[in-house]
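Peer 1: only geometry, no sequence info:
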């Protein structure tokens, strides 16, 4: 997955339609959330704040470009008229027979539509009331985020963030888990082995491995430890250095100790 | 998955540790984000706002209980000393050899740890600077959210929201897609069939299906349409009613037409 296919031009993205947004802060936070996930197509249906809004630009915190490109609409139809598939976010679809999907499922569907050049929109309702049934009746599906049933209180900007997040993750190829080896590559097993053999030899020398029947298990445990750490080349070199210093110190200490009686 | 297993008591949850949070608003928003996803174990390391903070309670918007239960700590060690596995959120782990994982992977691991009674924490850094390398060095893994490489600007509360969201989804059993049939059950195929047969009969009657070689395809298309809608019983009854009315109107119109010549 290339970056180009992840971050689509506005015409190929789902339009995020904020319906009667009441607070400039939330519009700004929504813009910021969108741009974090490569989304730039914001549409505002009769927003309450004066527009353009200085306050929204402040909370957008660098995502002012999304606000500048946002279009203002006098009606829902005006905002979504060019769209072919429309989703709506809502916590509580009552009295409607409607498919209800999770944000993750919605993201998968939005990506599939985008791949087929189907134009989509996602509706977000006003802060306190949410979308009304008349708005919900016409949509293709309702997106409801599973939340704590005892405290369900996602605000507008949080809802935008979660849908945007899932949209981006749906096409992202970042490995779920990855070792970032800032100090170079992960050491080859051969490199690691040379250290482990030296360590064993030094541990034998100093007497740590002196009890014969315990020695195999002790070595196994040391190997298990270093085996799972995915050491980098640089770290193996550092361990070699530490070992050298530790041994040298011991030798020096011994050589200081030894002459004690002779002083 | 029962609700009880999703929403764990605080001691079985990951502690969300906000390190040197600068703004009361963000602590409040973080509390709200956490409670939406059943998380209540907040810990604050040397927060900047005076504590308790009236402002944080306002932005928590109903999640004040999380703030009241939050513990204040004078050092990182004091905050995470009782934890066994510690994750840190950070956009940019440099100069450290450290496993980097996505929020989704982190959630899976946090749930796995919780199931084994392993106590975990997730660290969130201060707003502008994020966590410093000294904080990151000791953690088990770093959580980095894949975002738009050209605009990476998730704030503290947004990061808390995304980790909380993934934590909740990792144990949530809401179907990805589901038809909410507010008007009763989805109609049985038998019930639907009785309507379709009646519709065919009426469409034959009125001449819509009059061209013999086109009739099979037309019927197939009508059946395909109604077949994929997952109509409820109530909707089938409504369709019956509509058909009855439409036919009656035609009959009435005809009966008005017919006597024309006889008037």
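Peer 2: Received it, and whenever you're ready, just let me know what you need. Note that the structure is predicted; figures quoted are calculated from it, not measured. Residues are numbered from 1 along each chain as shown, chains lettered A, B, ... in the order given.

Peer 1: care to break chain A down by domain?
Peer 2: Domain segmentation of chain A under automatic domain parsing yields A:4-179, A:189-262.

Peer 1: can I get these in JSON lines with mean neighbour count and distance to residue B:27?
Peer 2: All C-beta spots, glycine's among them, are computed from the backbone N, C-alpha and C. Conversion of these to JSON lines gives the following (neighbours: other Cβ atoms under 10 Å in any protein chain shown; distance: least, Cβ to Cβ, whole Å):
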{"stretch": "domain A:4-179", "mean neighbour count": "19", "distance to residue B:27": "15"}
{"stretch": "domain A:189-262", "mean neighbour count": "13", "distance to residue B:27": "36"}
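
Peer 1: to chain B, which of these lies closest?
Peer 2: Set against chain B and scored by Cβ to the nearest Cβ, these come closest in domain A:4-179, at 3.8 Å.

Peer 1: now mean pLDDT and distance to residue B:76 too, for the domains of chain A, in CSV please.
Peer 2: Formatted as CSV, the entries for these read as follows, by pLDDT from 0 to 100; distance: least, Cβ to Cβ, whole Å:
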stretch, mean pLDDT, distance to residue B:76
domain A:4-179, 92, 24
domain A:189-262, 82, 23
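
Peer 1: so which of the ones you listed gets nearest residue B:89?
Peer 2: Shortest distance between residue B:89 and the domains of chain A, using Cβ to Cβ, is found for domain A:4-179: 13.9 Å.

Peer 1: what distance separates the closest one from the centre of its chain?
Peer 2: The gap between the average C-alpha position of domain A:4-179 and the chain average comes to 18 Å, counting by Cα atoms, centre = their mean, to the nearest Å.

Peer 1: pipe the domains of chain A into a markdown table and attach distance to residue B:198 per row.
Peer 2: Rendered in a markdown table, the data for the domains of chain A read as follows (distance: least, Cβ to Cβ, whole Å):
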| stretch | distance to residue B:198 |
| --- | --- |
| domain A:4-179 | 21 |
| domain A:189-262 | 69 |
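
Peer 1: rebuild these as JSON lines, extending it with distance to chain B.
Peer 2: What follows is the domains of chain A, written out as JSON lines (distance: least, Cβ to the nearest Cβ, whole Å):
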{"stretch": "domain A:4-179", "distance to chain B": "4"}
{"stretch": "domain A:189-262", "distance to chain B": "5"}
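
Peer 1: right, so of those, which gets closest to residue B:50?
Peer 2: domain A:4-179 (22.8 Å).

Peer 1: picking up where we left off before, which stretch among the domains of chain A comes nearest residue B:136?
Peer 2: Ranking those by their distance to residue B:136 (criterion: Cβ to Cβ) puts domain A:4-179 first, at 14.3 Å.

Peer 1: I'd guessed residue A:75 sits against residue A:45; true?
Peer 2: Yes: using Cβ atoms under 8 Å as the test, residue A:75 is close enough to residue A:45 to be in contact (6.9 Å).

Peer 1: now do the contacts for the nearest residue to residue A:12 once chain neighbours are set aside.
Peer 2: Once flanking residues are discounted, residue A:12 sits nearest to residue A:114: 5.6 Å by Cβ to Cβ, 6 or more residues apart in numbering or on different chains. Contacts of residue A:114 were listed using Cβ atoms under 8 Å, 6 or more residues apart in numbering or on different chains, and they are A:8, A:12-14, A:120.

Peer 1: so which of the residues you listed is the closest to residue A:221?
Peer 2: When the contacts of residue A:114 are compared for distance to residue A:221 (Cβ to Cβ), residue A:8 wins out at 52.2 Å.

Peer 1: for the closest one, what are its contacts?
Peer 2: Taking Cβ under 8 Å, 6+ apart as the test, what residue A:8 contacts is A:38, A:114.

Peer 1: against residue A:82, how distant is it?
Peer 2: According to Cβ to Cβ, to the nearest Å, residue A:8 stands 16 Å off from residue A:82.

Peer 1: do the same with residue A:128
Peer 2: Taking Cβ to Cβ as the criterion, residue A:128 is separated from residue A:82 by 29 Å.

Peer 1: follow-up on the earlier one: look up phi and psi at the residue nearest to residue A:12.
Peer 2: With angles defined as degrees, to the nearest 10, residue A:114 sits at phi -60, psi -40.

Peer 1: surely residue A:12 meets residue A:116?
Peer 2: No: judged on Cβ under 8 Å, residue A:12 makes no contact with residue A:116 at a distance of 10.6 Å.

Peer 1: which parts of the stretch 1-150 of chain A are helices?
Peer 2: Secondary structure of the stretch 1-150 of chain A by DSSP state H, counting those that start in this stretch: the helices cover A:3-6, A:24-36, A:54-60, A:64-69, A:76-80, A:103-115, A:133-137.

Peer 1: so for residue B:213, which of these sits nearest?
Peer 2: Evaluated over those, closeness to residue B:213 peaks at helix A:103-115, with 35.8 Å, by Cβ to Cβ.

Peer 1: the inter-axis angle of that closest one versus helix B:103-115?
Peer 2: Following axes from the mean of the first three to the mean of the last three Cα atoms, to 10 degrees, one obtains 160 degrees for the angle between helix A:103-115 and helix B:103-115.
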